[in-house]
Structures are given as structure tokens and as C-alpha cells.
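Fold the following for me, if possible:
(chains A and B)
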2 protein chains.
Amino acid sequence: MSAPSSVSTLVSAAMLAIGDELLSGRTKDKNIGHLADVLTMSGIDLKEVRIVADEEADIIEALNALRQRYDYVFTSGGIGPTHDDITADAVSAAFGLPCEHNAEAMRLLGEMYQKREMEFTDARKRMARMPRGAQHIVNPVSVAPGFIVENVYVMAGVPQVFQAMLDNVIPTLRTGSKVLSQAVHSPYGEGDIGTPLSAVQKAHPQTSIGSYPKYDGQRFSTEIVVRARDAEALNAATKDVETMLQTIAEQKAALSA
Amino acid sequence: MSAPSSVSTLVSAAMLAIGDELLSGRTKDKNIGHLADVLTMSGIDLKEVRIVADEEADIIEALNALRQRYDYVFTSGGIGPTHDDITADAVSAAFGLPCEHNAEAMRLLGEMYQKREMEFTDARKRMARMPRGAQHIVNPVSVAPGFIVENVYVMAGVPQVFQAMLDNVIPTLRTGSKVLSQAVHSPYGEGDIGTPLSAVQKAHPQTSIGSYPKYDGQRFSTEIVVRARDAEALNAATKDVETMLQTIAEQKAALSA
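Take a look at the predicted model:
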């Protein structure tokens, strides 16, 4: 018998990726997949992702929808020093907070530029702007911090910086019981396995069985993934999937014999 | 002077990517970036992307929000033969239409499986289900069609199939005037160029100037992208960006001389 807490602890999250360049195709997003991996490993369920342009009204609307629905919201992009970096303004507006130069961020950035003998330009000072009262997310790559307001974590769009910020955030989050998973490779396409796999899913309601077709240019195969928060339930369903595949193999062998 | 039609014709689109595997990190989406590229080349503005799980309520809510707001909605995923492929049901429910085996799709699939001496299983028959009255999207890779209901285009999640379906869809779409773009590489980070670039943007309100930081592990550089629907406006702004970069180079040379 599994402990009740391992069943009931669900923590949900959403991501809001911000940037015209993601929607024009110029930049292929790398942060969504990384966040998905890291959250899954941490026992946090990523439930929804939205990508919006650098337009304040769009950011505000998406952010307000997501932050009310999920335990955590992670954003990427739009916190740099140029005119099209408007995420700090949009997040401030979404929370009804003033957006202002944060004193500690100004100090951190000022010291860094002084050390590097670079001018602390007005553009660079933009990177110190955040909603009043926001907490910092440390940026070990390029110093300019991300920030946290309530359940919203605002991070950079450059993947190296996003990942470094996320590394600092993850240990501070409330995590749920992890979803365990086992993958079973099926050499058969979904058309061969669909009906019996559906029966396996019905027999194991505590698990979620996903079926992911692959196409190599010639034929389809399938990656079957069994997920559950309970190890016994996971193993029982996985065993039934394997038995199902063996049965199909025997039927095919009998037909071609 | 540019023709008025080239300024006023805007066609908007959204994408809804459907699948647990995208949110768990197991599959890294490849369709969003491809759709973004193809729509941009076609003069259609991709304005928003959402990724949701294989959960009917989530799909319906996202689809209804997007299809009312944008000219076109493209979906990927969830139209295969297994129990977790519920996109046809969800799209039908979103439109209040019955989801049923489409006669022409049944014929196409039946013929294909007969030719290949494969059983047309109940699972495979699931791939012929679609909302009543839907039009087909031809699938040259694996026959099972996508479908169209009003402004919603439902396509497969397997990238080769998604791309082949999209190739068939694009020539049928109403397209707007294309957004022209020119990229200018800046060897300087955004902190160096932010203030003068903002001035260039203000001087060229008919253009949209994006600034995309790159980090090579040592230093930041910037990709500056000027976008406009009018070629003259594009060239004028691009020239001012280049002049700006030259001025920065001369200032830096003077400082280090």
C-alpha cells in the first residue's frame, strides 16, 4: 500500500514564452522542452504552455489567465535592455504594481559594469526594472536578475541564462509526488496495437498510458509510455503492455507461418 | 507610394499543439517552429501558440478561445488510432457537432489496408472519425486524413505528416501582405545598442525592430531584425541601424586609441 500523500500531492505549472521571434520562426524555442524535462523530474506537472508576442496586452491577458489557474507560472524572454523588452512592464501591470528600478539590481549591475570598465547605460539600467517588491532570481551568467512576484517566475529568454536561473529556482519550489514512467518500444504501428492497448489502459485506471507514433520514412513504430505515481501500479500496467506486444508478435508469426 | 492593399491586409493565425508528451518533455515539439516559418513566408501572422494535454476540456477551451480570436487555427496531434487520441472528439465538441466515422475516410483507409493486406482494425477505424461535415486534409504520408472545420485545421503530430498536410493546406489559405525583414548582425550586446536602437525604432514607426541577444558562453552579441510590410520603410530603417552600429564602432575605436 502506498502512502496517501504520494497520491494526493499534485503541483501544477504553466509556461508563458514571450517573444515575436518565436512566432516568426526566427528563433526556435529551446526553453519549453527544457522546462518540461526539469519540472517532470521534480514532480511538478506542466499543464499548459502559451507563446505570445512582445505586446503588453497579450502578455497581461495570458499571464493573468495562467497565474490564477496553476500553482506556478514560469515566463521566458523580454527582460533584456532594449525597447522590445517589455516583460517587466507587462508583469507589473498584470499585478497592478509599479515597475521601477530595483535598488539591489541597480547595485549589482552597477558594480559589474564598473569592474568591466563598461558604461552603465540607460539601456542597461532597464534590466534592473521590476515590479515593486519583487524577489530576485540570481543570474550567474550575465548578472541581470530575473524576478519573482507571487507565483510567477520571470526569467530570461536566452537558453543558457534561462537554464541557469531555473537551476536556482527549482530547489525553492513546492514539489509533488513524482510521476514515474516506463517506456516500452513497440515495433508495430498504432493501428496494430490501438485496440488491445486501450484494453490495457481500461484495466489500469491508476495509470496513464501514452502512445507516441514514430515514422522513419518507411514505416510506423510506437513508443508506449506508462505513467503512474505508484510504482506497483506502474509495473503491473507495464507488464500487461509487454504481454500484449508478445501476443501480437505470436499472432503475426502464426499468420506468416 | 505603396498600394493601400499591401498595408491593410493582415491575416492572423494561432496554433494549438496537443499532447501530454510535449508537456512531459518526452517529445520536443518540432511543429511550432515549422508552422511559424511557413506562415511567415506566406504572409500570415502567427500571433499565439498554446500547448495543452490530451484532456478534452482543456482542448475545447483553448480551441474556442483561439478560433474566435484569429483568422486561422492550426492544431497538431491526437488524431491517431489509440485511446489517447481524442482531438477529433474535442474539436467536434467545441463546434457542437457529432463525431462520426467519415465515409470517404473509411473508404480511403479501407482500400489502403486491403492493398497492404493488413486488417482494418477498430483502432485504425478511429482515424476516420471527424466532426460531421468536415473537409479532408490530404495525408500523402500515411493516408489517414486531417480535417477542416470552419477556420480550424486539424493535423497530425508526427512532424513528417504535419508538414505534408501543411503543404496541402497553405495554397488554399487567404494570405496577407508579407512582412519583409532584414537582419543585421551586431557584434555588441544589447546593453551597448539599446539606447540608440530605441531611437532608431522611434524614428521609423512603420517598422518593427526586434533585438535578439545571443550568448556564446563568453560574450553577448545581438541579432537585430527590422520588419516592415513596405520595402522602402524597411530599407530606410535598416540603413539607420547600420549607421548606428558604425557609430558605436567608431566610438569604441576612439576610446581604445
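
Tell me which residues touch the residue of the stretch 1-150 of chain A found nearest chain B, please.
Residue nearest to chain B within the stretch 1-150 of chain A (CB to the nearest CB): residue A:123, separated by 2.4 Å. All C-beta spots, glycine's among them, are computed from the backbone N, C-alpha and C. Listed by CB atoms under 8 Å, 6 or more residues apart in numbering or on different chains, the contact set of residue A:123 reads A:81-82, B:190-195, B:197-198.

same check, this time on residue A:16
A:49-52, A:59, A:62-63, A:66, A:73-76.

Can you add distance to residue B:99 and secondary structure and give those back as a markdown table?
Output for the contacts of residue A:16, formatted as a markdown table (distance: CB to CB, whole Å; DSSP: H, G, I helix; E, B strand; the rest coil):
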| residue | distance to residue B:99 | secondary structure |
| --- | --- | --- |
| A:49 | 26 | strand |
| A:50 | 26 | strand |
| A:51 | 28 | strand |
| A:52 | 31 | strand |
| A:59 | 35 | helix |
| A:62 | 29 | helix |
| A:63 | 34 | helix |
| A:66 | 29 | helix |
| A:73 | 33 | strand |
| A:74 | 35 | strand |
| A:75 | 36 | strand |
| A:76 | 36 | strand |
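
Out of the residues you listed, the closest to residue A:183 would be?
Nearest to residue A:183, judged by CB to CB, of the contacts of residue A:16 is residue A:49 at 22.4 Å.

and the stretch 101-250 of chain A, which of its residues are near chain B?
Counting by CB under 8 Å from any CB of the partner chain, the stretch 101-250 of chain A comes close to chain B at A:113, A:118, A:121-124, A:126-127, A:141-142, A:157-158, A:160-161, A:179, A:181, A:190-195, A:197-198, A:201, A:208-215, A:217, A:220, A:223, A:225, A:227.

For chain B, see how far away the residue of chain A positioned farthest from its centre is.
Note on chain A: the largest C-alpha distance from the chain mean falls to residue A:257, namely 48.4 Å (CA atoms, centre = their mean). Distance, residue A:257 to chain B, by CB to the nearest CB, to the nearest Å: 15 Å.

Then residue A:227 would be within a helix, right?
No: Residue A:227: not assigned to a helix; according to DSSP: H, G, I helix; E, B strand; the rest coil it is strand.

quick one, what contacts it?
Residue A:227 touches A:179-181, A:207-210, A:234, B:24, counting by CB under 8 Å, 6+ apart.

can you pull out the strands in the stretch 51-200 of chain A?
For the stretch 51-200 of chain A, the strands defined by DSSP state E, counting those that start in this stretch occupy A:72-76, A:99-101, A:129-131, A:135-139, A:143-149, A:152-155, A:180-186.

deepest of these, which one?
Ranked by mean neighbour count under mean count of other CB atoms under 10 Å in any protein chain shown, the strands of the stretch 51-200 of chain A are led by strand A:72-76, which reaches a mean of 28.

Now do it, average pLDDT.
The pLDDT scores in strand A:72-76 average 98.

Centre of the chain to that strand, how far?
Distance, stretch centre to chain centre, for strand A:72-76: 8 Å (CA atoms, centre = their mean, to the nearest Å).

Can you tell me the strand partners of it and which way each runs?
Strand pairing for strand A:72-76, using DSSP bridges, gives strand A:12-18 (parallel), strand A:152-155 (parallel).

Take those strands and write them to a markdown table, including mean pLDDT.
Shown next, in a markdown table, are those (pLDDT from 0 to 100):
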| stretch | mean pLDDT |
| --- | --- |
| strand A:12-18 | 98 |
| strand A:152-155 | 98 |
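
So which of those strands is nearest residue B:12?
Among the strands paired with strand A:72-76, strand A:12-18 comes nearest to residue B:12, with 17.9 Å by CB to CB.

Can you name the next helix or strand after the closest one?
Using DSSP states H and E, the helix or strand that follows strand A:12-18 in sequence is helix A:20-24.

who does the helix or strand just after that following helix touch, helix- and strand-wise?
Proceeding N to C from helix A:20-24, the next assigned helix or strand is helix A:31-42, under DSSP H and E. Judged by 3 or more CB pairs under 8 Å, 6 or more residues apart in numbering or on different chains; DSSP states H and E, the packing partners of helix A:31-42 are strand A:12-18, strand A:45-52, strand A:72-76, helix A:159-169, helix B:20-24.

so which of the ones you listed comes closest to residue B:30?
helix B:20-24 (10.2 Å).

hmm, who's touching the closest one?
With contact meaning CB under 8 Å, 6+ apart, helix B:20-24 is reached by A:32, A:36, A:40, A:45-49, A:179, A:181, A:208, A:210, A:212, A:225, A:227, B:27-29, B:51-54, B:77, B:84.

on that earlier part again, just the buried ones out of the residues of the stretch 101-250 of chain A next to chain B, please.
Buried members of those, scored by 16 or more other CB atoms under 10 Å in any protein chain shown, are A:113, A:121, A:123-124, A:126-127, A:141-142, A:157-158, A:160-161, A:179, A:181, A:190-195, A:197-198, A:201, A:208-215, A:220, A:223, A:225, A:227.

Pull up the gap between residue A:133 and residue A:101, please.
Counting by CB to CB, to the nearest Å, the separation of residue A:133 from residue A:101 is 13 Å.

Also residue A:239?
60 Å.

Kindly report the same for residue A:169.
Taking CB to CB, one finds residue A:169 at 23 Å from residue A:101.

just to revisit the earlier point, name the member of the contacts of residue A:123 with the shortest distance to residue B:173.
Taking CB to CB as the measure, residue B:173 lies nearest residue A:82 of those, at 32.9 Å.

list the contacts for the closest one?
By CB under 8 Å, 6+ apart, the contact set of residue A:82 is A:123, A:126, B:190, B:193-194, B:197-198, B:211.

any idea which of those is closest to residue B:106?
The closest of these to residue B:106 turns out to be residue B:211 (CB to CB; 52.5 Å).

Give me the secondary structure label for the closest one.
Using three-state DSSP, the structure places residue B:211 in strand.
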